[in-house]
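1. okay, sequence plus prediction incoming.
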Number of protein chains: 2
Amino acid sequence: MSKSNNVYKDAYNRCLRLLDETRSLPSEPELGTLLGVSRTTVRSILARMEETGLITWNKRAKTVLREPRPDDFFPEEETDTLAEIIERSFMRRLLAGGAEAGMQINELELAREIGVGTTSVREFLIRFSRFGLIEKRRNSHWVLKGFTRAFALELTEIREMFELRSAAAFAALPQDSTVWVDLDRLEDEHRLLAREIATRFNEFSELDERFHRLIHRASRNRFIVDFYDVIAMIFHYHYQWNKAQERERNEVAVGEHLAYIEALKSRDLGKVDAACRKHLKSARHTLLTSIPENRPLQKS
Amino acid sequence: MSKSNNVYKDAYNRCLRLLDETRSLPSEPELGTLLGVSRTTVRSILARMEETGLITWNKRAKTVLREPRPDDFFPEEETDTLAEIIERSFMRRLLAGGAEAGMQINELELAREIGVGTTSVREFLIRFSRFGLIEKRRNSHWVLKGFTRAFALELTEIREMFELRSAAAFAALPQDSTVWVDLDRLEDEHRLLAREIATRFNEFSELDERFHRLIHRASRNRFIVDFYDVIAMIFHYHYQWNKAQERERNEVAVGEHLAYIEALKSRDLGKVDAACRKHLKSARHTLLTSIPENRPLQKS
DNA sequence: GTAATGTCTTTTATCGTGAAAAAACATTTT
DNA sequence: AAAATGTTTTTTCACGATAAAAGACATTAC
């Protein structure tokens, strides 16, 4: 099996959702940009849709014949990238405990366990290494450094440095910058979420990421922007894993965000700094309390 | 050809140099740690040394028969890692001009040109991506972001943030920390180099890296320490490429380092900050002047 | 009995290969 | 002629295979 066709399957599923809305589909290049795939893939999708009687396809004419049924969709798990599959498996092992710092990581074993080739695992580990959780021994195995308290402290130290600077840069942005529109929109979303926090509290993590990414982008520094990938990754798994007081935590965070947004809009650097510091402090606290004290520290 | 034996060849060459010093070689495990390779490789080395009449080898007895001749050594170019070969080729293309921002990077073409497999090139590009000079388009090619003025500014911004913090942490280290010994030793090396700067100015870059790495390590933050890889890489190629006023620049830098070291030893945070700022400012200036103004800026 | 050597097994590094997907080129349609 | 469709070529992604190198186990020497 040389390469899975998940790109095709995922685009096919997304294209099915388009069928609900229109009587006929746009041109092939247009569909390509819409779905974010090449024309080659678009044509495969159209070919299959014709086969399954969803549309008729004759050159430019692509008429929708019927609405898609649930069984027209490819199963969700077949639309994932290999990299996503590997990351999930890897993180599950890492967080499932028993993953002590200093432990060796075996490429071959990982590959066999997940059921993929070694090359994909190797490439994943190389990409993953920038998160600072693993390290390569030359000509030899990878070493797990562990998701320890030390890691969380080092991560938050950089995060705070970067975000304070980005927030200051944000507040100094000219009035006609589009970020202010984006910020207003995010503020609305926050207010909406705050009102329905009792039922929608689990939607916060996604909003959180968008908000902080907007701020970091104001730094106009690729290293700061890219570093948010590390934070986002850690928080992504942290949210999945630490569900204690999730509702309360998120409610507090939404409130802090709103104060933070207010401060940004005031363009008063002192206020921005204070609001940012306050939010970062509670974010750090949340992360730290979720890491047991007795986790082994990293070996030399 | 599945894997070159450069580890063996490189270790063999280093082992030859050991032969000059002793009449007989230590045990296999000892040689292994000394050369940083496994016993398997040590045994291959010993086997060959016996074959070429350099030593006699019978179990524990490894007697040196003659001094190594120049032709006993493997050629330098056969001792390089594939990753090093690829990096050099890639950087040569990148700095040889004609590498405009926005340009596509073709894995296959690169692999063919260098004469290696695509996998190695892919892995190199993934590792290299953390330097912020290239970026991957999903399911598609890599894009060169270019070694532009913007890049240099973003890089130095982070560098200054990190180094100021590390320098402060350094100065706050307890008196009995081993870093003070390391610093004294570096100071001596600086003084020695300063005295013979006229002839040894090209040895500065190596000293520079060791000095700044020592300081960054005081941050005890893996992200700060790891970021120095980006700086080191850029400066490594920058030194090779911008030879204008090298002697003068290095002479100035050595002086700044000595003042910086003095400030650190005074443990006066104000002085440390000032000395660090001064040096970083001139380092930034040096880097910036070496980038032509008219280099194309990164496309969206 | 500790530490070396000798032997065997496992893992890593790298390649060539083939299918998926993108991209380039040619042809037709509006 | 601009933009679509049709066709062909190229590139990326992922795999299994193989030699280099590491590591584990067994045996011998001190």
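-> Arrived safely, thanks for sending.
2. and A:Thr118, what does it touch?
-> Residues in contact with A:Thr118, defined by C-beta atoms under 8 Å, 6 or more residues apart in numbering or on different chains, are A:Glu107, A:Leu108, A:Ala111. (Each C-beta comes from the backbone N, C-alpha and C, glycine too.)
3. kindly recompute the last result at 6 Å.
-> Neighbour list for A:Thr118: A:Glu107, A:Ala111 [criterion: C-beta atoms under 6 Å, 6 or more residues apart in numbering or on different chains].
4. so what's it scoring on pLDDT?
-> Listed pLDDT for A:Thr118 reads 97.
5. and if you look at A:Glu78?
-> Per-residue confidence (pLDDT) for A:Glu78: 96.
6. so does stretch A:222-240 get close to chain B?
-> Yes - looking at stretch A:222-240 against chain B by C-beta under 6 Å from any C-beta of the partner chain, the contacts come from A:Arg222, A:Phe223.
7. show me the strands in the stretch 101-250 of chain A, by range?
-> Using DSSP state E, counting those that start in this stretch, the strands of the stretch 101-250 of chain A run over residues A:104-105, A:134-136, A:142-144.
8. partner strands of the shortest one, parallel or antiparallel?
-> Put plainly, it is strand A:104-105. If you go by DSSP bridges, strand A:104-105 pairs up with strand A:142-144 (antiparallel).
9. contacts for the strand it pairs with, please.
-> A:Met103, A:Ile105, A:Leu125, A:Ile134, A:Glu135, A:Lys136.
10. per-residue confidence at the third one?
-> The score at A:Leu125 is 98. That number is its pLDDT.
11. repeat for the fourth one
-> Per-residue confidence for A:Ile134 comes out at a pLDDT of 97.
12. burial of it, as a residue count?
-> 19 (other C-beta atoms under 10 Å in any protein chain shown).
13. what bridges to it?
-> Beta-bridge partners, per DSSP bridges, of A:Ile134: A:Leu144.
14. before we move on, the earlier item: buried ones only from the contacts of strand A:142-144, please, as a ChimeraX command.
-> Selection of buried members from these for ChimeraX, criterion 16 or more other C-beta atoms under 10 Å in any protein chain shown:
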select /A:103,105,125,134
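15. give me the domain ranges for chain A.
-> A:6-77, A:82-144, A:149-289 (automatic domain parsing).
16. need the distance between the two termini of the last one.
-> Looking at domain A:149-289, the gap from its leading to its trailing residue is 9 Å under the measure C-alpha to C-alpha, to the nearest Å.
17. any idea of the mean pLDDT in it?
-> 96.
18. once you drop chain neighbours, what's closest to A:Ala120?
-> That one is not Ala; residue A:120 is Ser. A:Leu82 (5.2 Å; C-beta to C-beta, 6 or more residues apart in numbering or on different chains).
19. cool, A:Ser290 as well?
-> Counting by C-beta to C-beta, 6+ apart, the residue nearest A:Ser290 is A:Asn242, at 4.0 Å.
20. what about A:Glu28, distance to chain B?
-> Distance of A:Glu28 to chain B, given as C-beta to the nearest C-beta, to the nearest Å: 17 Å.
21. and that residue, what pLDDT?
-> 98.
22. tell me which parts of the stretch 101-250 of chain A are close to DNA strand C?
-> Counting by C-beta under 7 Å from any atom of the strand, the stretch 101-250 of chain A comes close to DNA strand C at A:105-109, A:118-119, A:122, A:138-142.
23. where helices are concerned, which of these count?
-> A:Glu107, A:Leu108, A:Glu109, A:Thr118, A:Thr119, A:Arg122 (DSSP state H).
24. sorry, back to before: could the domains of chain A go into TSV alongside distance to B:Leu54?
-> TSV is the format used below for the domains of chain A (distance: least, C-beta to C-beta, whole Å):
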stretch	distance to B:Leu54
domain A:6-77	56
domain A:82-144	25
domain A:149-289	48
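25. out of those domains, flag the one nearest B:Thr178.
-> Nearest to B:Thr178, of all those, is domain A:149-289, at 19.8 Å by C-beta to C-beta.
26. so how far is that closest one from its chain's centroid?
-> Mean-position distance between domain A:149-289 and its chain equals 14 Å (C-alpha atoms, centre = their mean, to the nearest Å).
27. repeat that for stretch A:73-82.
-> Relative to its parent chain, stretch A:73-82 has a centroid offset of 17 Å by C-alpha atoms, centre = their mean.
28. can you give me the end-to-end span of it?
-> 20 Å.
29. how about that stretch and DNA strand C, any contact?
-> No - on the criterion C-beta under 7 Å from any atom of the strand, stretch A:73-82 is out of touch with DNA strand C, staying 9.4 Å away.
30. with adjacent residues omitted, what lies nearest to A:Gly146?
-> Of all residues beyond its chain neighbours, the one nearest A:Gly146 is A:Ala101 (3.0 Å), with distances taken as C-beta to C-beta, 6+ apart.
31. typo on my end, A:Gly53
-> A:Leu65 (6.1 Å).
32. got JSON lines for the contacts of strand A:142-144, with distance to B:Arg222 too?
-> Converted to JSON lines, the contacts of strand A:142-144 look like this (distance: C-beta to C-beta, whole Å):
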{"residue": "A:Met103", "distance to B:Arg222": "17"}
{"residue": "A:Ile105", "distance to B:Arg222": "17"}
{"residue": "A:Leu125", "distance to B:Arg222": "17"}
{"residue": "A:Ile134", "distance to B:Arg222": "11"}
{"residue": "A:Glu135", "distance to B:Arg222": "9"}
{"residue": "A:Lys136", "distance to B:Arg222": "14"}
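33. what is the nearest of the contacts of strand A:142-144 to chain B?
-> Proximity of the contacts of strand A:142-144 to chain B (C-beta to the nearest C-beta) peaks at A:Glu135, which lies at 8.9 Å.
34. now the helices for chain A?
-> Using DSSP H, helices in chain A cover A:6-19, A:28-35, A:39-51, A:82-95, A:107-114, A:118-128, A:149-171, A:179-195, A:197-200, A:204-217, A:222-241, A:246-266, A:269-289.
35. would you mind listing what in the stretch 101-250 of chain A touches chain B?
-> Where the stretch 101-250 of chain A comes near chain B, counting by C-beta under 6 Å from any C-beta, the residues are A:119, A:123, A:126-127, A:130, A:132, A:139, A:154, A:157-158, A:221-223.
36. write a ChimeraX command that selects only the buried members of the residues you listed.
-> Here is the ChimeraX command that selects the buried residues among these (16+ other C-beta under 10 Å):
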select /A:123,126,127,130,132,154,157,158,221,222,223
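37. of the residues of the stretch 101-250 of chain A next to chain B, closest to B:Arg48?
-> For those, the nearest to B:Arg48 is A:Asn139 (19.1 Å; C-beta to C-beta).
38. ok, now which ones touch the closest one?
-> B:Val7.
39. how about 10 Å then?
-> The neighbours of A:Asn139, taking C-beta atoms under 10 Å, 6 or more residues apart in numbering or on different chains as the test, are B:Val7, B:Gly36, B:Val37, B:Ser38, B:Thr41, B:Thr81.
40. of the residues you listed, list those near DNA strand D.
-> By C-beta under 7 Å from any atom of the strand, the members of those lying near DNA strand D are B:Val7, B:Val37, B:Ser38, B:Thr41.
41. which pair in these spans the largest distance?
-> Farthest pair in these (C-beta to C-beta) is B:Val7 and B:Ser38. Separation: 8.9 Å.
42. identify the contacts common to those two.
-> With C-beta under 10 Å, 6+ apart, B:Val7 and B:Ser38 have common neighbours A:Asn139, B:Ser44.
43. higher neighbour count, those two?
-> Between B:Val7 and B:Ser38, counted using other C-beta under 10 Å, B:Val7 has the larger neighbour count: 19 against 16.
44. so that one touches B:Thr79, yeah?
-> Yes - the criterion here is C-beta atoms under 10 Å, and B:Val7 meets it with B:Thr79 at 8.7 Å.
45. excluding its backbone neighbours, what's nearest A:Ile86?
-> A:Phe124 (4.5 Å).
46. let me see the contact set for that neighbour.
-> Here A:Phe124 is in contact with A:82-87, A:89-90, A:107, A:110-111, A:114, A:116, B:126 (C-beta under 10 Å, 6+ apart).
47. please consider this matter closed, and thank you.
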